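Asks: Provided below are the primary sequence and the corresponding predicted coordinates.
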Amino acid sequence: MAASEDLERLAGTAVEAALGAGAADAEAFATDSTGLEARIYEGEVESLSEAGERGLGVRVWIEGRAGYAYGTDLSAEGLGRIAAGAVETARISDPDEFAAAPDPAEPGREPAAIAGLADPAAAEWTTERKVELAKAIEGAARAADERVIGVETTVFVDERASVALASSRGVAGAYELTSCYAYLQAIAAAGGDDADRQTGLGFGIGRSPAALDPEAIGREAAERAAALLGASKPASRSCPVVLDETVAASFVGFVAGLLCADAVQRGRSPFADRLAETIASEALGLADDGRRPEGLASAPFDGEGTPTGRTPLIEGGILRAYLHDSYTARREGGQWRSTASAARSGYRSPPSVSPSNLIVAPGELSFEELLDEAGEGIYVTEVAGLHSGVNPVSGTFSVGATGRAISGGELAEPADEFTIASDLPAMLAAIRAAGSTPRWVPFGGSVSTPALLVGEMAIGGG
């Protein structure tokens, strides 16, 4: 029996135990995962950890009260204790008129498998091969440019997981997945001048270690670090800004969080009550898509068993939808249904509203054409403090940044120790173009985005 099938059986048993303990409705979510993390420093293994975890969480509903409990003892007795704990929690929780079990998918909309979520080749990689791959990434960064004097810790992470869900409403399903990523920060110095040090990020993601190109990851980090040597503060002004893919992904992820219905319903979003209104320029298209095999947040169903799909969020600058789980959809009085946006961080907690894979529609301009369109401005390659520097209610922000000047439509001198400031609605409205080449970025979510040209932002420098 496959691991996912065994988990689905256990989830069904847990649901029956919860009903037997007094639940009106019940849902069980189970995972079985193994993962490795290797950290390399100066060609040696700094740390190596391999861990596996198997557990199950039960959510129950009793007369408008919800309860949750979890555990790792998946014997019949253990499942009974988890179920009883969830029922006990529900009985002492506050009533909530919107607390209810998610409904199953409509006939014909049942979850469909997604090819490519699990790469069988991942199992063929031994720990030794993974460590050697991480070492090769570090070595590639050092060899790519003589100005690279060191590498901050190189990190390789992979995971294999089985997931299953069952409910008393007839929801049942299971799937398996594999994923991996690697990243490092190269350190460059100019002419032995330790005072002028810069770092650069390189990374790669895939479903198997075989998908990672150590030469490309290391070279990217080296080139980014070396390109910033000799950086100085740019002049303070308002000008066009080109956001590279990693920076664009950070902003897109933050915006999508403000399009989650729980934030909107709490009044913690500048996009509340803006459905069908223009909130961005026509150049921006954004969708949530939980069925892209390349996206590490893909799955046949979400954390409540709702079949995943594609949800347009912004089309031609118009806000088309918020992201919902079954609870937030119910709060809307039946006007909306779940967008399969109930995300789980594991079996230890119930789901919450969150994006899956965020897809920014690519445009027609190459990177060089984006620079030419910008004319005179700033190319931003890194920002710091985004999540602490943005007001989630107004959307105003001011964050530290590094990058390159844009002069005459081409990259010019490096720039650091400056800030970029605006507010999210104004920034979205000022987007003039999206690049033609998107990239998957795994940090802070799963985002596919090209570089973005913002017509005007405030630069705080010298």
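Replies: Structure's in. What do you need?
Asks: And the contacts of stretch 364-373?
Replies: Residues external to stretch 364-373 that are found in contact with it (Cβ atoms under 8 Å, 6 or more residues apart in numbering): 240, 242, 379, 406, 409-411, 432-437, 451, 453. Placement of C-beta: from N, CA and C, glycine included.
Asks: Hmm, Ala69 is touching Gly85, no?
Replies: Yes. With contact defined as Cβ atoms under 8 Å, Ala69 reaches Gly85; the gap is 3.3 Å.
Asks: For the two, list the residues in contact with both.
Replies: Shared between the contact lists of Ala69 and Gly85 (criterion: Cβ under 8 Å, 6+ apart) are residues Val58.
Asks: Can you name the residues that contact Ala24?
Replies: Counting by Cβ under 8 Å, 6+ apart, Ala24 has contacts Val60, Trp61, Ile62, Glu63.
Asks: Among the residues you listed, which one has the most neighbours?
Replies: Each of the contacts of Ala24 was scored by neighbours using other Cβ atoms under 10 Å; the highest score is Val60's, at 31 neighbours.
Asks: Which parts of the stretch 201-350 of the chain are strands?
Replies: Listed in chain order, the strands found in the stretch 201-350 of the chain under DSSP state E, counting those that start in this stretch are 237-243, 286-289, 310-315, 318-319, 342-343.
Asks: Can you check which of these gets nearest to Ala17?
Replies: When the strands of the stretch 201-350 of the chain are compared for distance to Ala17 using Cβ to Cβ, the nearest one is strand 342-343, at 22.5 Å.
Asks: State the paired neighbours of the closest one in the sheet, together with their directions.
Replies: Partner strands for strand 342-343, per DSSP bridges, with pairing direction: strand 352-353 (antiparallel).
Asks: export the strands of the stretch 201-350 of the chain to CSV and tack on distance to Ala216, mean pLDDT and mean neighbour count?
Replies: Rendered in CSV, the data for those read as follows (distance: least, Cβ to Cβ, whole Å; pLDDT from 0 to 100; neighbours: other Cβ atoms under 10 Å):
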stretch, distance to Ala216, mean pLDDT, mean neighbour count
strand 237-243, 21, 98, 21
strand 286-289, 25, 99, 22
strand 310-315, 29, 98, 20
strand 318-319, 37, 98, 19
strand 342-343, 30, 98, 22
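Asks: pull the helix or strand with minimum mean pLDDT from this structure.
Replies: Of all the helices and strands that make up the chain, the one with the lowest confidence by mean pLDDT, DSSP states H and E is helix 386-389; it has a mean of 85.
Asks: Of all the residues in it, which ones are buried?
Replies: Going by neighbour count (16 or more other Cβ atoms under 10 Å), the buried part of helix 386-389 is Leu386, Gly389.
Asks: can you check stretch 97-109 too?
Replies: Under the neighbour-count criterion of 16+ other Cβ under 10 Å, stretch 97-109 has Ala99, Ala100, Ala101, Pro102, Asp103, Pro104, Ala105 buried.
Asks: For it, measure first residue to last.
Replies: 27 Å (Cα to Cα, to the nearest Å).
Asks: again, but for stretch 308-322
Replies: Stretch 308-322 end-to-end distance (Cα to Cα) = 15 Å.
Asks: and that stretch, how far from the chain's centre?
Replies: In terms of Cα atoms, centre = their mean, to the nearest Å, the gap separating the centre of stretch 308-322 from the centre of its chain is 17 Å.
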